[in-house]
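**Q** Could you look at this predicted model? Sequence included:
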Amino acid sequence: MTPQELKNSILQLAIQGKLVDQLPEEGTGEELYQQIQAEKQRLIKVGTIKKEKPFEPITDEEKPYEIPENWIWTRFGELGSYKKGPFGSALTKGMFVPKGNGTVKVYEQKNAIQKDAHIGDYYITREYFETKMSGFEVHPGDVIVSCAGTIGETYVLPEEIEQGIINQALMRMQLFKPIYIPYFLVFFDVVLKQNVRASSKGSAIKNIPPFEVLKNYIVPIPPLAEQKRIVTKIEELLPYIDRYEQAWSKLEDFNKRFPSDMQKSILQMAIQGKLVEQRQEEGTGEELYQQIQAEKQRLIKAGTIKKEKPLPEITEDEKPFDIPDSWKWVRLGDAVSVLGGKRIPAGRTLITDDTGHKYIRISDMKNGSVLMDNLMYVPEDIYPTISKYIINKEDIYITVAGTIGKVGKIPDELDGANLTENADRLVFFMLDQDWLIKCLESSIAQMQIADATTKVGQPKLAIKRIQEMVIPIPPRAEQKRIVAKLEEILPLCERLKQL
């Protein structure tokens, strides 16, 4: 959800009566409506506004949603007096004069858009104002609305403004008391802006629709006290929307900087130690590495794993970037055991009958896991020949033929299943499983995999080459924090890519 969509959702809840509770002691929208109509009749009687034809009754078909019982629907035109700026040649730039003692200000669209009554330097003579333009005069408390180009921007004119008129690109709204202007502008923001933009005329430049359309929009009216509580609640929520927008903007900026490779870039930041801060109390990668070596020696002594030849020292040239002081570069084979899978004997095939001996093929390995819908099984009579080539749910698979370098987890239901010869099993010690997967998915690991894959005949990634890969390891607690941060950010990246 974009920041604007979030704001629109909150405002929509507001005008449906779902943002604050209804309180019986605050009266009803009908009572407020009668007060508004009394004020309207008073203004007609004193000649401030003209009497208009009655509006048509509101039909049930016009009501877009349910409102609380103490609210009332009314027409936009019942709530105020509206006037658009001078038409055509009635006001042109040739009529403007420098500001002086005998001049009247011409308010422009930018006054509404920028919410500032002081900007602008267009003026007309007082004589022209008094003879032709006095009907377009604005007063403190009037709402001016931008009507062309950037439409629907509103601004309540403050006290102590210069005497002035609206130009062709503005509309003046003089709302009848006791309507609460901030609530009315909430409604305007949600419904009128959207509807006006959808139904406005023209193509490149949009315009406010004709008054006969505009005045017939229907408005939900709550009691006055509830209007004020609604606005207060919105003002409480706006800072949170602003914070959301700031975070969204940062992510959008990141997306623009890395439009085609955003997720890989975030992974790269993660394995360079730039995604979360380092914490001294979490120890070091060196300490973790020594614990891993001790565990490996224990398992070798117990006969659980085999002793392997020492791997070469990592040279400075092999380190592709700097890592935090608390991290350590290691050979993958020093942190994990790499074990191969096994194909079934020549001339034999897998079967669909459930023998209890599940077999994971390269085609089953998708999206970081294993698909369960087309599993195959090892025939009972040949199972003994491949029984030791299994993979457990604590391990990670890595594909070494066909599509090379894909890594993922084993579902609980496939714990102990037989593994194809086209994938290897990574048995790791004291590393976080999700961290190791993210590390192997990063560009530095995938580049090493690509370089290590044989190019002659059928491409293949040998166990020895996997063992010799270099990866950085942070302390285990930091690994977990990095994974948590990635799980927070990467879904947002996916949504941004779809915009």
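**A** Right, received. Where do you want to start?

**Q** Report the distance from the helix ranked longest in the chain to the chain centre.
**A** Ranked by residue count, the top helix of the chain under DSSP state H comes out as helix 224-257. The offset between the C-alpha centroid of helix 224-257 and the centroid of the whole chain comes to 13 Å, using Cα atoms, centre = their mean, to the nearest Å.

**Q** go on, stretch 324-333?
**A** Worked out by Cα atoms, centre = their mean, stretch 324-333 lies 34 Å from the chain centre.

**Q** Quick one: residues in contact with it.
**A** Here stretch 324-333 makes contact (Cβ atoms under 8 Å, 6 or more residues apart in numbering) with 273, 278, 280, 282-286, 288-289, 308, 311-312, 314, 318-319, 323, 338, 466-475, 478. Any C-beta I mention is one placed from the backbone N, CA and C, and that applies to glycine too.

**Q** Looking at those, which are in helices?
**A** Those of the contacts of stretch 324-333 mapping onto helices are 285-286, 288-289, 466-468, 478, per DSSP H.

**Q** List buried residues within these.
**A** Buried subset of these (neighbour count, 16 or more other Cβ atoms under 10 Å): 285, 288-289, 466-468, 478.

**Q** wait, which of these is closest to residue 37?
**A** Set against residue 37, the nearest of those by Cβ to Cβ is residue 478 (67.2 Å).

**Q** check contacts around the nearest residue to that closest one once chain neighbours are set aside.
**A** The shortest distance from residue 478 to any non-neighbouring residue, by Cβ to Cβ, 6 or more residues apart in numbering, is to residue 282 (5.5 Å). Contact analysis of residue 282 by Cβ under 8 Å, 6+ apart lists 326, 475-478.

**Q** other SSEs contacting the longest helix of the chain?
**A** helix 3-15, helix 181-187, helix 262-271, helix 476-497 (3 or more Cβ pairs under 8 Å, 6 or more residues apart in numbering; DSSP states H and E).

**Q** In the second one, which residues are buried?
**A** If you call a residue buried by 16+ other Cβ under 10 Å, then helix 181-187 has these buried ones: 181, 183-187.

**Q** The first one now?
**A** For helix 3-15, the buried set under the neighbour-count rule, 16+ other Cβ under 10 Å, comprises 3, 6-8, 10-11, 13-15.

**Q** what's downstream of it, the next helix or strand?
**A** Using DSSP states H and E, the helix or strand that follows helix 3-15 towards the C-terminus is helix 29-45.

**Q** The helix or strand that that next one is followed by pairs with which strands, and in what direction?
**A** Once the chain leaves helix 29-45, the next helix or strand it forms, by DSSP H and E, is strand 72-75. Note on strand 72-75: by DSSP bridges, its sheet partners are strand 218-221 (antiparallel).

**Q** Need the CA coordinates for the strand it pairs with. CSV is fine.
**A** Extracted in CSV, the C-alpha atoms of strand 218-221 (Å, rounded to 0.1, in the frame of the first residue of the first chain):
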residue,chain,number,x,y,z
ILE,A,218,-23.7,13.8,-1.7
VAL,A,219,-22.0,14.4,1.5
PRO,A,220,-22.2,12.4,4.8
ILE,A,221,-22.8,14.8,7.7
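
**Q** any residues touching it, and which ones?
**A** Counting by Cβ under 8 Å, 6+ apart, 15-17, 29, 32-33, 58, 62-63, 67, 71-76, 79, 184, 187, 191 sit against strand 218-221.

**Q** Show the buried residues in those.
**A** Buried by 16+ other Cβ under 10 Å: 15-17, 29, 32-33, 67, 71-76, 79, 184, 187, 191, out of those.

**Q** separation between the residue nearest to residue 478 and residue 324?
**A** Distance of residue 282 to residue 324, given as Cβ to Cβ, to the nearest Å: 11 Å.

**Q** Return the distance of stretch 66-83 from the chain's centre.
**A** With Cα atoms, centre = their mean, you get 34 Å for stretch 66-83.

**Q** gap between the two ends of it?
**A** 31 Å (Cα to Cα, to the nearest Å).

**Q** Offset the numbering so it begins at 21, please.
**A** With the count now opening at 21, the last piece we talked about shows up as stretch 86-103.

**Q** What's the mean pLDDT across it?
**A** Averaging pLDDT along stretch 86-103 gives 93.

**Q** for stretch 368-385, same thing?
**A** When pLDDT is averaged over stretch 368-385, the result is 95.

**Q** again, but for stretch 39-59
**A** Stretch 39-59 comes out at a mean pLDDT of 95.

**Q** quick one: residue 503 from residue 238, how far?
**A** 51 Å.

**Q** When those two are compared, which one has more neighbours?
**A** The neighbour comparison of residue 503 against residue 238 (other Cβ atoms under 10 Å) goes to residue 503, with 20 against 17.

**Q** Contact partners for residue 408?
**A** Neighbours of residue 408 in contact, by Cβ under 8 Å, 6+ apart: none.

**Q** what secondary structure does it sit in?
**A** Put simply, residue 408 is coil when judged by DSSP: H, G, I helix; E, B strand; the rest coil.

**Q** Next secondary structure element downstream of the lowest-mean-pLDDT helix or strand in the chain?
**A** Least confident helix or strand of the chain, by mean pLDDT, DSSP states H and E, is helix 213-219 with a mean of 55. Once the chain leaves helix 213-219, the next helix or strand it forms, by DSSP H and E, is helix 231-234.

**Q** Now do the same for that next one: mean pLDDT, whole number.
**A** pLDDT averaged over helix 231-234 gives 80.

**Q** Just the buried positions in that helix, please.
**A** residue 234.

**Q** Using PDB, write down the CA coordinates of it.
**A** Output of helix 231-234 as PDB, limited to C-alpha atoms (Å, rounded to 0.1, in the frame of the first residue of the first chain):
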ATOM      1  CA  PHE A 231     -21.600  23.400 -10.900                       C
ATOM      2  CA  GLU A 232     -24.700  21.400 -11.700                       C
ATOM      3  CA  VAL A 233     -22.600  18.200 -11.300                       C
ATOM      4  CA  LEU A 234     -20.500  19.400  -8.400                       C
END
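
**Q** From the chain's centroid, how far away is that helix?
**A** Worked out by Cα atoms, centre = their mean, helix 231-234 lies 36 Å from the chain centre.

**Q** now swap in stretch 133-151 and tell me
**A** 42 Å.

**Q** any residues touching stretch 63-73, and which ones?
**A** 60, 97, 101, 194, 196.

**Q** distance of the second one from residue 156?
**A** Right, the one you point to is residue 97. Residue 97 is 19 Å from residue 156, where distance means Cβ to Cβ.

**Q** cool, the fourth one as well?
**A** As defined by Cβ to Cβ, residue 194 lies at a distance of 12 Å from residue 156.

**Q** Equivalent analysis for the first one, please.
**A** According to Cβ to Cβ, residue 60 and residue 156 sit 21 Å apart.

**Q** Residue 123 too?
**A** 15 Å.

**Q** Likewise for residue 52?
**A** 29 Å.

**Q** How about residue 197?
**A** 22 Å.

**Q** which of the two has more neighbours?
**A** residue 156 (22 against 14).

**Q** Could you tell me which residues make contact with the more buried one?
**A** Here residue 156 is in contact with 103, 105-106, 185-186, 192 (Cβ under 8 Å, 6+ apart).

**Q** Now for those: which two are most distant?
**A** The span of those, defined through Cβ to Cβ, is set by 106 and 192 at 11.4 Å.

**Q** Could you list the low-pLDDT ranges of the chain?
**A** Applying pLDDT under 70 to the chain picks out residues 211-229, 271-282, 513-519.
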